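**Q** could you work out the structure for the sequence below:
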Amino acid sequence: MAFRTKIGLIAFCVGLSALGWFAYSNWLGRIEARIVQRVTLDGLELSHPLQISVNGREVTVSGWVNSEAERARVLRHLHPHGPDITLVDRMALLAEVRPYVTHLIRDARGIRASGYAPSQAALAAVAAQIGAGGADLQLAAGISEAAWREAMDRAIKSLSHVQTGTLRLEDSQLQLTATARLPDDAQAARAALALDDDSHVEIEILDDGQPFALSVHLSQGQLTATGKFPAGVLPQIVPEEIGRPARSLRIEQARIDDVEGQFTQAVRVALRAMAQVQLGQLDVSQDRIEITGMVSRAGLLRAERALRKRPATTELVRRLEIYDDGRPFYLLAEFDGAEVQIRGKIPYGVDLSALTSGFEAQRSEGLVQAEITDGPRDWSGALVAGLAGLREMQNGRLMVAPGALHLSGTVTTPEIQAKIAAHLSRKPAEFLLTHRFDLVDDGTPPVFTLAYDAQSGARLSGKLPMGLETVQIAEILQVPSIENTARVGLIGRADFTRRVLSVLSGWLRHFEQFELHYSAGRLALKGLAEPGVAPEDLAAALSSHFVIATEISAPSQGADIGAERIHARSGLLERRVPGAWVPVYSFEPTAARCSAATSDILKQEDLSFADGLERFDVSAAPALARLAGLIGHCLQNSALRVDAVDHSFSKSSEAENDQLSQARATALVAALTARGLPNERIHPKGLGDRRPHDAQKLPFVQPADRIEFIWSDRP
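**A** Residues are numbered from 1 along each chain as shown. You can find the predicted model right below:
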């Protein structure tokens, strides 16, 4: 009983103690709750967050403050909250620095910050913007957090527009040194800073902002290129990829790269396609490739394969056509009885080697297989018929042109001629057939006709005297070749014919066309004189060498002014002007070049007056035409002027020489202007018997009459 009483008393005491402790704790908790609700920092603007902890009636405030004044302001704020609390100050004073410096660096790794930050919140905000690993900042007092945050926001935004840069914030002053890709980037970087008078900004701009571009023009085997390339792509890639020399390579090398790589890929693809072009134009921009030109059939396929590798977003405009040199189709086959020589231009698809297999020997020089066809015309059928007939001849000439087939030459017997006719009857209907066959000599005297046209050349038909071959006639006349249907006879005077042809060769350039007939030792010539040549003077000149019946007339207008042709004898390009056909020149005129060229013509050509007269001899016509073409080119393509100067020494007095000289100079200018030369900047000048300007230092001798042209670039 006593034992149970003790246990009960102990239990009663413990329970009473627990009940008391519970009542106390509950009361203390209510007091702390009321203190927490009452004691706050609401309404205070603090540089750093402060922590308040409550233990019973003891209130502890801790954290960073920027100054003692801020500490005092916090304590004054907390004291009025109740006299029944105990306030414990555990606030730490944040050190103040001067000057207050923060650095920002932008490079390939991004943006990094170092230096000082005014608060943990400000530091965290910057770290969130640039990445926590890039913020190496220490807390320090000395600047307004709002001002620092605003400056950092502007600085980070500014650096985001540049490639590299260093920004220094010292107190309220900003200093930026940076490198920007484009002018717009530099402008955006400056605008983001909202610069004031204390700020200093230096931004190097790498590029002018013009887009990358390439323009290539290809003509006559050479190219010109202009444009702008990114860093890392060298301009020399253009001639290297195309495989042709660059006449002009004006490509700007930028300091910036092609960020997306699209332009670089497009350029490489386009250049590989352009390598297949014979002549054309290529333009490449950031999002477009445009290529035009002429290509071979195989080159077209290679260009298409290259262009398929362009960037997916790059627009393609292509206008590629099968290349052709523009010259007409023709085939000329000449057979000497042993070997056939072939030249010309045949359409695509014609297998000439198979068609000429029946000849024992063959040679092809200057034969071109075109890349284009001749439409529906059956060239293979025409060549089968023509070559079969040519093989039967003793010697012959086959000419095939679009829609025409001509066969001429020497045939041994009428039976062979009939066999040839059978071959030709199998030609395609769309080819018109002409032929001229000569049987082996029957003993009749030579009768031949030599026809000449300044554009189409010489043509020979009939029967030549013994010992005179066509090759000899071509050499005498100085023409590249002669279309020959003549045969060589067994009788005749070859020496007389050679003399006639030799004289005629000297006057060949004075004729537009003629036909010379030889029969029974008699000569007759009918033709048209070249424009600017007096027909009666030309007839008189020929008659002075041998007896010849002539009928020479002046040409009608014929070709239009401005028409062009290739002269059959000289091979030069000529243009029709009023009064003449003149050579076409293409060099860049300067006073020195034009002077040298006119001097060469005067040395090479006969340009003289009749003795004591101011009228040109008929032989001067070719020289006047050449001079008119040359001087016209120089005057029309430059600001040069020229004096046509005559020196005459044939008269007995200085006054007479001056008068004759001026008359001759005037006649020279008149003759040139009559041949289409503009007369605004050419002036006649007669110097009489005064010595030429280029002979002042020579030993004195009595010079002959002469003409010279003095060029000047002075107005």
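**Q** identify the residues contacting Ile346.
**A** Phe329, Leu331, Leu352, Leu367, Val368, Gln369, Ala370, Trp379 (CB atoms under 8 Å, 6 or more residues apart in numbering). Just so you know, the C-beta spots here come from the backbone N, C-alpha and C atoms, and that holds for glycine as well.
**Q** and stretch 433-453, what's buried?
**A** 433, 435, 437-438, 441, 446-453 (16 or more other CB atoms under 10 Å).
**Q** next, the distance between the ends of that stretch.
**A** For stretch 433-453, the first and last residues are 23 Å from each other (CA to CA, to the nearest Å).
**Q** can you give me the strands in the stretch 601-715 of the chain?
**A** Taking DSSP state E, counting those that start in this stretch, the strands of the stretch 601-715 of the chain run over residues 641-647, 682-686, 706-712.
**Q** and Leu627, which of the ones you listed is closest to it?
**A** Nearest to Leu627 among the strands of the stretch 601-715 of the chain is strand 706-712 (8.0 Å), distances taken as CB to CB.
**Q** and that closest one with strand 641-647, angle?
**A** Using axes from the mean of the first three to the mean of the last three CA atoms, to 10 degrees, the direction of strand 706-712 lies 160 degrees away from that of strand 641-647.
**Q** about what we covered before: out of the contacts of Ile346, the closest to Arg397 would be?
**A** Nearest to Arg397 among the contacts of Ile346: Leu331, at 11.2 Å, using CB to CB.
**Q** and for that closest one, the neighbour number?
**A** Neighbourhood size, Leu331 [other CB atoms under 10 Å]: 24.
**Q** that one: which element?
**A** Assigned by DSSP states H and E, Leu331 falls within strand 330-335.
**Q** partners of that strand in the sheet?
**A** Using DSSP bridges, strand 330-335 pairs in its sheet with strand 339-346 (antiparallel), strand 395-401 (antiparallel).
**Q** I'd like the average pLDDT over it.
**A** Mean pLDDT, strand 330-335: 95.
**Q** tell me the buried residues in that strand?
**A** By neighbour count on 16+ other CB under 10 Å, the buried set for strand 330-335 is Leu331, Leu332, Ala333, Glu334, Phe335.
**Q** again with stretch 118-135
**A** By neighbour count on 16+ other CB under 10 Å, the buried set for stretch 118-135 is Pro118, Ser119, Ala122, Leu123, Ala125, Val126, Ala127, Gln129, Ile130, Gly134, Ala135.
**Q** cool, and stretch 548-556?
**A** For stretch 548-556, the neighbour count (16+ other CB under 10 Å) marks Ile548, Thr550, Ile552, Pro555 as buried.
**Q** ok, those residues vs Ser638, which is closest?
**A** The closest of the buried residues of stretch 548-556, once distances to Ser638 are taken by CB to CB, is Pro555, at 31.7 Å.
**Q** where does Val350 land in three-state SS?
**A** State at Val350, reduced to three classes by DSSP: H, G, I helix; E, B strand; the rest coil: coil.
**Q** so where do the strands sit in the stretch 351-500 of the chain?
**A** 361-369, 395-401, 404-411, 432-439, 447-453, 457-464, 482-484, 487-488.
**Q** show me what the longest one is packed up against.
**A** Using 3 or more CB pairs under 8 Å, 6 or more residues apart in numbering; DSSP states H and E as the contact criterion, the elements in contact with strand 361-369 are strand 339-346, helix 352-355.
**Q** make it 7 Å
**A** Under the contact definition 3 or more CB pairs under 7 Å, 6 or more residues apart in numbering; DSSP states H and E, strand 361-369 sits against strand 339-346.
**Q** mind checking the pLDDT average for the strand it packs on?
**A** The average pLDDT within strand 339-346 is 94.
**Q** what's the neighbour count on Glu614?
**A** Neighbours of Glu614 using other CB under 10 Å come to 19.
**Q** I meant Glu708, not that one.
**A** For Glu708, using other CB under 10 Å, the count is 19.
**Q** Glu360 versus that one, what's the distance?
**A** Using CB to CB, to the nearest Å, one obtains 60 Å as the distance from Glu708 to Glu360.
**Q** contact partners for the residue nearest to the spatial centre of the chain?
**A** In the chain, the centroid-proximal residue (CA atoms, centre = their mean) is His217; its distance is 2.2 Å. Neighbouring residues of His217 by CB atoms under 7 Å, 6 or more residues apart in numbering: Leu223, Thr224, Gln281.
**Q** ditto for Lys526
**A** Applying CB under 7 Å, 6+ apart to Lys526 gives the contacts Phe514, Glu515, Glu551.
**Q** what about 6 Å?
**A** Glu515, Glu551 (CB atoms under 6 Å, 6 or more residues apart in numbering).
**Q** secondary structure class for it?
**A** At Lys526 the chain is in strand, as set by three-state DSSP.
**Q** hey, what's it bridged with?
**A** Bridge pairing for Lys526 - DSSP bridges - gives Glu515, Glu551.
**Q** picking that back up, columns distance to Leu169 on top of the strands paired with strand 330-335, output as TSV?
**A** Formatted as TSV, these follow (distance: least, CB to CB, whole Å):
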stretch	distance to Leu169
strand 339-346	79
strand 395-401	87
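**Q** please identify the most buried of the ones you listed.
**A** Of all those, strand 395-401 carries the top mean neighbour count, a mean of 21, counting by mean count of other CB atoms under 10 Å.
**Q** could you give the mean pLDDT of it?
**A** Regarding strand 395-401, the rounded mean pLDDT is 95.
**Q** also stretch 252-270?
**A** pLDDT averaged over stretch 252-270 gives 93.
**Q** then it to PDB, C-alphas only?
**A** Presented in PDB, the C-alpha positions along stretch 252-270 are these (Å, rounded to 0.1, in the frame of the first residue of the first chain):
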ATOM      1  CA  GLU A 252      36.600  42.600-102.000                       C
ATOM      2  CA  GLN A 253      37.900  40.300 -99.200                       C
ATOM      3  CA  ALA A 254      35.700  40.900 -96.100                       C
ATOM      4  CA  ARG A 255      36.900  40.500 -92.500                       C
ATOM      5  CA  ILE A 256      33.800  38.700 -91.500                       C
ATOM      6  CA  ASP A 257      32.900  35.100 -92.200                       C
ATOM      7  CA  ASP A 258      29.900  33.600 -93.700                       C
ATOM      8  CA  VAL A 259      28.100  32.700 -90.500                       C
ATOM      9  CA  GLU A 260      25.500  30.300 -92.000                       C
ATOM     10  CA  GLY A 261      27.800  29.100 -94.800                       C
ATOM     11  CA  GLN A 262      25.100  29.300 -97.400                       C
ATOM     12  CA  PHE A 263      26.800  31.900 -99.600                       C
ATOM     13  CA  THR A 264      30.100  30.000 -99.500                       C
ATOM     14  CA  GLN A 265      28.400  26.800-100.500                       C
ATOM     15  CA  ALA A 266      26.400  28.500-103.300                       C
ATOM     16  CA  VAL A 267      29.600  30.100-104.700                       C
ATOM     17  CA  ARG A 268      31.500  26.800-104.900                       C
ATOM     18  CA  VAL A 269      28.500  25.100-106.500                       C
ATOM     19  CA  ALA A 270      28.000  27.900-109.000                       C
END
